[in-house]
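Q: I need the structure of the sequence given here:
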Amino acid sequence: MSLLYHNDTIIKKEKEFIRALLSQFCKLELNKIAARWPAKAVTQFFFS
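A: Got it, this is the predicted structure:
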């Protein structure tokens, strides 16, 4: 019983860890996109 409980706890921790990693990755990707937007807007403004 304790082994089963232990495995269940590990799985929950792994899920939390993966979820945290994914959210961090998404934030990074969003930041990259957001950082590109002003540059695109400026170049379009100057070259239009």
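Q: hey, let's count contacts and neighbours off CA atoms from now on
A: Noted.
Q: any idea which element residue 33 lies in?
A: helix 2-47 (DSSP states H and E).
Q: ok now that helix, how far from the chain's centre?
A: Centroid separation for helix 2-47 versus its chain: 0 Å, with Cα atoms, centre = their mean, to the nearest Å.
Q: quick one: average pLDDT of that helix?
A: Averaging pLDDT along helix 2-47 yields 84.
Q: what helices or strands is that helix leaning on?
A: Helix 2-47 is packed against no helix or strand, with contacts defined by 3 or more Cα pairs under 8 Å, 6 or more residues apart in numbering; DSSP states H and E.
Q: and residue 44, how far is that from residue 38?
A: 10 Å (Cα to Cα, to the nearest Å).
Q: with residue 29 instead?
A: Using Cα to Cα, residue 29 is found at 16 Å from residue 38.
Q: also residue 9?
A: The value you get for residue 9 to residue 38, if Cα to Cα is used, is 45 Å.
Q: cool, and residue 19?
A: 30 Å.
Q: cool, residue 5 as well?
A: When residue 5 is compared with residue 38 (using Cα to Cα), they lie 51 Å apart.
Q: what of residue 22?
A: 25 Å.
Q: now swap in residue 45 and tell me
A: 10 Å.
Q: same check, this time on residue 20
A: Residue 20 is 28 Å from residue 38, where distance means Cα to Cα.
Q: one more: residue 6?
A: In terms of Cα to Cα, residue 6 sits 49 Å off from residue 38.
Q: over to residue 3?
A: Using Cα to Cα, residue 3 is found at 54 Å from residue 38.
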